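> Got a sequence here, can you model it:
(one chain, ligands or ions: 1)
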Amino acid sequence: PAREQVSYFGAGPARLPTSVLANASAALLNYNNTGLGIAEHSHRSALSSNILTQAAQYFKTLLNIPNDDSYTVIFMQGGGTTQFSSVVYNLVGYWVERRLRKHGGDLEKVRADLKDMKCEYLLTGGWSLKASQEAARLLGDEHVSIVIDARKANGGKWGIIPEEKDWSLVEKKDSALAYFCDNETVDGVEFPSFPNALESAEGEEDERLVIGDMSSNILSRPVDAKKYAVIFAGAQKNIGTTGITIVLIRKSILDCQPSPVTLRALNLPIPPIMMHYPTLASSSSLYNTLPIFDVYIAGEVMSQLLTSGGVAAIAAAAERKSSSVYEVIDKNPTVFTPVITDTRVRSRMNVCFRLVKGKDGRDLEKQFFEEAEKKGLLGIKGHRSVGGGRISCYNAVGEEEVAKLVAFMKEFATKQGHTY
Ligand code: PLP
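Sure thing, here's the model as predicted:
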């Protein structure tokens, strides 16, 4: 089929605006009349440097991050998964170096403090679980503390966020980082807002340093960046093509990192150079060859988001899109079952549902996916690990496309004998 005949609700990589792709295909052949395509230009050229600066600036503008040097934006490779490791290296590094300075360089005292050092994880789905497993692999289980494990409070399944009164946080002085996944892409659970329990008072000495994985909901609603030490997001869902990850880092973390000698003496892992935030920041993300084409696409997408009303407009559209899908699911309980029943934590980005078995034993799921595909409604199968259906309503998915899908779902339900 032609591009216009297909609506795509895949969970990532996701749809990109057609106009951006049309311009990009011309840019691949000849960028700005230079006779060279964008992917052929040196990553160290002035042209590439402009693309990088511009994209970082769009990102900061969209998220309302002041240009006062308190935060740095870097572009990295290796996807969100590489950040599972990077945040551990860099935040544990920051914790160690602060201790070392506090103890006047006395390594023995740091070694004693280190026994209680924890990386704290809020487990609300498969991605936060994977991140916590990486911390345990790098540091040992004794340095990982699970603040919540949503499965334990929900009969072994993801799908809820336990109440904050039931969270087990460690003392702030022992916490090197507190990690959560803002939107669990596979399981369809999204934090409604920044958790109160992770807040620190301004200027507090032992602030809890919060890491937010926003790989699947970045730029879909306003974020108070000041509350975070690090926010990261792979570009391939809401911002651009697969290949770059945007990492927002509080500047103070970059300025306070231990030497490899210190880390070795403390038996802590030394960050590979490509995961060492200060190295990447001081080389303006160009320690090695960065795929500038991907940064260019991200910049074009973000520029378009800015001119079409910024994050507030995107957030309103995301709300409309996801609620219309949840509505058709909720109103047809004999055909569809929502995976997430607590409406407060339902993801606006990834709507997960199942199909009820037909009365006559028919597999409605198979029929549903086949009919959807015939209508050009693609990418709606759930993650291979969980099955069912998943409709991803990322930024570039148009409201008219969601309306088409919702109309199909209503029609499908009606055909099974349910009037909407
Ligand atoms: N975090 C979240 C929330 C994700 O959805 C994903 C991938 O879908 C990842 C992390 C891992 O990202 P990547 O595949 O870019 O390594």
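> Find me whatever residue is spatially closest to the closest residue to the ligand within the chain, sequence neighbours aside.
Closest to the ligand within the chain is G79: 2.5 Å, counting by Cβ to the nearest ligand atom. For every residue, glycine as well, the C-beta is placed using N, CA and C. Distance criterion Cβ to Cβ, 6 or more residues apart in numbering; nearest residue to G79, sequence neighbours excluded, is G234 at 4.9 Å.
> In contact with that neighbour, which residues?
Counting by Cβ atoms under 8 Å, 6 or more residues apart in numbering, G234 makes contact with 12, 79-80, 215, 242, 244-245.
> got JSON lines for those residues, with secondary structure too?
As requested, these are exported to JSON lines (DSSP: H, G, I helix; E, B strand; the rest coil):
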{"residue": "G12", "secondary structure": "coil"}
{"residue": "G79", "secondary structure": "helix"}
{"residue": "G80", "secondary structure": "helix"}
{"residue": "S215", "secondary structure": "coil"}
{"residue": "T242", "secondary structure": "coil"}
{"residue": "I244", "secondary structure": "coil"}
{"residue": "T245", "secondary structure": "strand"}
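> Greatest separation within the residues you listed: which pair is it?
Across those, no pair lies farther apart than G12 and I244, at 13.4 Å, counting by Cβ to Cβ.
> And these two? Which one has more around it.
I244 (28 against 19; other Cβ atoms under 10 Å).
> what's the closest non-adjacent residue to that one?
I244's closest residue in space is D294 (Cβ to Cβ, 6+ apart), at 4.4 Å.
> is the strand or helix carrying the one you found up against the ligand anywhere?
For D294, the element it lies in under DSSP states H and E is helix 292-307. No - contact of helix 292-307 with the ligand is not found when judged by Cβ under 6 Å from any ligand atom; the minimum separation is 12.0 Å.
> any chance of the contacts of G234 in CSV, plus pLDDT?
Output for the contacts of G234, formatted as CSV (pLDDT from 0 to 100):
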residue, pLDDT
G12, 93
G79, 98
G80, 98
S215, 98
T242, 97
I244, 98
T245, 98
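> of all these, which comes closest to Q54?
Using Cβ to Cβ, those come closest to Q54 at I244, 14.1 Å.
> Roughly how far does that closest one sit from L107?
38 Å (Cβ to Cβ, to the nearest Å).
> Quick one: name the residues of this protein near the ligand.
By Cβ under 6 Å from any ligand atom, the residues of the chain that approach the ligand are 12, 79-81, 127, 181, 185, 213, 215-216, 234.
> Report the buried members of the contacts of G234.
Neighbour-count burial (16 or more other Cβ atoms under 10 Å) applied to those gives 12, 79-80, 215, 244-245.
> Name the SS class of the residue lying farthest from the centre of the chain, please.
Distance from the C-alpha centroid of the chain, by Cα atoms, centre = their mean, peaks at D360 (41.1 Å). For D360, the assignment made with three-state DSSP gives coil.
> so how far is T334 from it?
On the measure of Cβ to Cβ, D360 and T334 end up 13 Å apart.
> Which pLDDT value goes with the spatially closest residue to G240 that is not a sequence neighbour?
Residue nearest to G240 in three dimensions, not counting chain neighbours: A298, with 3.7 Å by Cβ to Cβ, 6+ apart. Per-residue pLDDT puts A298 at 98.
> Please look at A298 and T242 and confirm they touch.
No - if you go by Cβ atoms under 8 Å, A298 and T242 don't touch, sitting 11.1 Å apart.
> shared neighbours of these two, which are they?
By Cβ under 8 Å, 6+ apart, the residues touching both A298 and T242 are A235.
> what's across from L122 in the sheet?
For L122, the beta-bridge assignment (DSSP bridges) gives partners I148.
> Give me the neighbour count for it.
26.
> what residue ranges in this protein score low on pLDDT?
419-420 (pLDDT under 70).
> end-to-end on stretch 1-14?
18 Å (Cα to Cα, to the nearest Å).
> Which of the residues in it are classified as buried?
So for stretch 1-14, counting by 16+ other Cβ under 10 Å, buried means 7-14.
> Just the ones in helices from the residues you listed, please.
Among those, DSSP state H puts none in helices.
> okay if I get those as TSV plus distance to F191?
Formatted as TSV, those follow (distance: Cβ to Cβ, whole Å):
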residue	distance to F191
S7	28
Y8	26
F9	22
G10	23
A11	18
G12	19
P13	24
A14	21
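> Give me the subset of those lying in strands.
7-8 (DSSP state E).
> Just the closest of the buried residues of stretch 1-14 to A176, please.
G12 (29.0 Å).
> Apart from its neighbours in sequence, what residue is nearest the closest one?
K237 (4.1 Å).
> Return the distance of the one you found relative to C181.
Taken as Cβ to Cβ, the span from K237 to C181 is 13 Å.
> In this structure D116 contacts D174, no?
Yes - with contact defined as Cβ under 8 Å, D116 and D174 form a contacting pair (4.4 Å).
> Extract the C-alpha set from stretch 135-151 and format it as PDB.
Output of stretch 135-151 as PDB, limited to C-alpha atoms (Å, rounded to 0.1, in the frame of the first residue of the first chain):
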ATOM      1  CA  ALA A 135      22.600  -2.200  38.200                       C
ATOM      2  CA  ALA A 136      22.800  -5.500  40.100                       C
ATOM      3  CA  ARG A 137      25.100  -6.900  37.400                       C
ATOM      4  CA  LEU A 138      27.500  -4.000  37.600                       C
ATOM      5  CA  LEU A 139      27.500  -3.500  41.400                       C
ATOM      6  CA  GLY A 140      26.200  -6.600  43.000                       C
ATOM      7  CA  ASP A 141      22.700  -7.200  44.500                       C
ATOM      8  CA  GLU A 142      23.800  -5.600  47.800                       C
ATOM      9  CA  HIS A 143      23.900  -2.200  46.200                       C
ATOM     10  CA  VAL A 144      20.400  -2.400  44.600                       C
ATOM     11  CA  SER A 145      17.400  -1.500  46.600                       C
ATOM     12  CA  ILE A 146      13.900  -2.100  45.300                       C
ATOM     13  CA  VAL A 147      11.600   0.800  46.400                       C
ATOM     14  CA  ILE A 148       8.500  -0.900  45.000                       C
ATOM     15  CA  ASP A 149       7.800  -4.000  43.000                       C
ATOM     16  CA  ALA A 150       4.400  -3.500  41.500                       C
ATOM     17  CA  ARG A 151       3.900  -7.200  40.800                       C
END
